[in-house]
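# Test case, fold it:
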Amino acid sequence: MGEMQNKTRFIWNEPFIFLNLQPKTIFEVRMTKTFRKDTERFKKRGYDMNKCLMMVAAAMMAATSLQAQTERSDDFKAKYELKEVVVMSRHNIRSPLTSGGAAYMRVTPYEWFKWTSPSSQLSQRGGVLETEMGQFFRKWVVSAGLLSDNYRPQGDEVLFYANSRQRTFTTAKYFSAGFLPFANVEIQHQFDEDVMDPVFKAQFTKMNDAYRQQILAEMATLHGGPEAWMQSVQPTLTLMEEVIDMAHSPAAQNDTVHFRFDDMQYKLEKGDEPKMTGGFKLAYSVSDALVLQCYESEDMAAFGHELTEEQWRDICRVKEVHDGLLYSTHSAAVNLAYPLVSRIREELANGNRKFTFLCGHDVNLTSIGAALRLNLPETEQALEVRTPIGSKLVFEKWSDGSEDYVAINLVYPKYSQMHARTLLSLEEPPMVQTITIEGLTANSDGLYRLADLDGRMAEAMAEYDAIEDQTTGESSARVVPLNPTPSARVYRLDGTLATDSTHGVVIQEKQKILRK
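Numbering: from 1, shown residues only. Got it, this is the predicted structure:
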């Protein structure tokens, strides 16, 4: 990454971009067109052009990291050898959870998309997209000299290990078909179908009262606190209510006509994942179902409502609030991600391994990032904000002959590639975003010393070891309110907040009461 030098010069009305790339490359032509298009759009809207030009330039420079992974310079290849790749993958497109009459199904009068797979399982499109991603990775590791074309693994050179959920196991299977088409790769998993493997279950394995309060205190620092963070997406919650026609849904008969977030409570208990209860959890479920439907249906409209890409990203930000609160605090993550941090560390130290593919869930990527203090940037050309569907946290181990180094990237298909069913290749690659590590310094080639990353992993594991596991004063069903209020809010039947002067039937603590 660091070997590529960029020089940018701006002349009003005519941007010239000079990149250290071969002339007339697809990348250069596309970025130039994108730059000019954005420039014209910004000027029409009356934005400060100096700031806008610098923002676009920064985006273009960031995009060169994609070239750094897929087209390393000759000088870089002469200096370093790729020794191993460890991939921590999120599963690809799945159908929503519908068991037990999922709540998101009751908040709209419309029929949801008819899926090609049963509840929570990988869809047909998800399988196709994952195979394409496997083909891209095959072309990349062959071009990088790690594996030969039509490579067949010898001994324990390659490991595929997935959670036992159908969507994670089959994601690994489809990836392997594209990655190693000439080999019959075994996908290791520990349990029967759809039984959660503890390695991939982002659960607390230690807990005590002081530790719980530490997590809650850290949650309170995120984006001004949970209520402020939820309040920031209120316009999107209103948009979602309109899109699904919540006011005329079956749930409206029970007075659920708005998404609430003043009743949130958090459950942080040993042996379970962190959980959220209350109205915002319903908004999260609807957000998840909407974006999955958008992926699978290839339709930017939802129930007849044409939505822009920005609106879809806003809908995904509702999910980001939920997952960010529960899985992105460092205090919680060292506990939740401990098994996978330990496994990735072990894989990077395995001198016999060439390629490792671990397949789990978005919260695995989120918690690993938080535990190791990785700076996961906001995504580009994607709907989801942090760890898009099918995304992969990729650890590349390089050696200069005397020391080992690591580069970390987030790789995921662009939204346009997903909808166009684009065949991925070195000429048409997915998005590749560089991941930096807080507190560690990369060398001039953009690589971190493996010893430094290993030290960071050891620190995170030591933090976990230091957590005292004690029996708490509450039962395992304990629910912890983050910001308890002296009295619960009262709502009218239309979902709006009631005032002291409101009379008649109102809702308090989810119960109808009569105010005289």
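# OK, contacts around the most centrally placed residue in the chain?
Centre of the chain computed as the mean C-alpha position; nearest residue by CA atoms, centre = their mean is residue 387, 1.6 Å away. Counting by CB atoms under 8 Å, 6 or more residues apart in numbering, residue 387 makes contact with 90, 362, 365, 366, 376, 410, 412. Glycine gets a C-beta too; all of them are placed from N, C-alpha and C.
# Start from the N-terminal end of the stretch 51-200 of the chain and give the helices.
Secondary structure of the stretch 51-200 of the chain (DSSP state H, counting those that start in this stretch): helices at 74-79, 124-143, 166-179.
# could you redo those as a markdown table and give each row mean neighbour count, mean pLDDT and distance to residue 419?
Listed next are these as a markdown table, based on neighbours: other CB atoms under 10 Å; pLDDT from 0 to 100; distance: least, CB to CB, whole Å:
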| stretch | mean neighbour count | mean pLDDT | distance to residue 419 |
| --- | --- | --- | --- |
| helix 74-79 | 12 | 93 | 34 |
| helix 124-143 | 21 | 97 | 10 |
| helix 166-179 | 24 | 97 | 19 |
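# Pipe those helices into a markdown table and attach distance to residue 150 per row.
Output for these, formatted as a markdown table (distance: least, CB to CB, whole Å):
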| stretch | distance to residue 150 |
| --- | --- |
| helix 74-79 | 22 |
| helix 124-143 | 9 |
| helix 166-179 | 11 |
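# who wins for proximity to residue 416 among these?
helix 124-143 (12.8 Å; CB to CB).
# quick revisit: mind listing which of the contacts of residue 387 are in helices?
362, 365, 366 (DSSP state H).
# Kindly write the PyMOL command that selects the buried subset of those.
Only the buried members of the ones in helices among the contacts of residue 387 enter the following PyMOL selection, criterion being 16 or more other CB atoms under 10 Å:
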select buried, resi 362+365+366
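# Just give me the closest of the ones in helices among the contacts of residue 387 to residue 437.
residue 365 (14.9 Å).
# Looks like that closest one contacts residue 91 (just checking).
No: under the criterion of CB atoms under 8 Å, residue 365 makes no contact with residue 91, lying 11.0 Å away.
# Common neighbours of the two, please.
By CB under 8 Å, 6+ apart, no residue touches both residue 365 and residue 91.
# ends of stretch 249-265, how far apart?
25 Å (CA to CA, to the nearest Å).
# pLDDT averaged over it - what is it?
Average pLDDT, stretch 249-265: 87.
# Show me what counts as buried in stretch 192-208.
In stretch 192-208, counting by 16+ other CB under 10 Å, buried: 196, 197, 199, 200, 201, 202, 203, 204, 206, 207, 208.
# next one: stretch 229-243 to chain centre, how far?
Taking CA atoms, centre = their mean, to the nearest Å, one finds stretch 229-243 lying 20 Å from the centre of the chain it belongs to.
# Okay, and the beta partners of residue 277?
residue 265 (DSSP bridges).
# Tell me how many other residues crowd it.
14 (other CB atoms under 10 Å).
# OK, contacts around it?
264, 265, 266, 267, 479.
# For residue 394, see how far away residue 460 is.
19 Å (CB to CB, to the nearest Å).
# And the two? Which one has more around it.
Neighbours were counted for residue 460 and for residue 394 using other CB under 10 Å; residue 460 has more, 24 against 20.
# Surely that one and residue 341 touch.
Yes: look at residue 460 against residue 341 with CB under 8 Å: they come within range, at 5.6 Å.
# which residues are common contacts for these two?
371, 372.
# picking that back up, nearest to residue 454 among the helices of the stretch 51-200 of the chain would be which one?
Comparing the helices of the stretch 51-200 of the chain by CB to CB, helix 74-79 comes nearest, at 21.5 Å.
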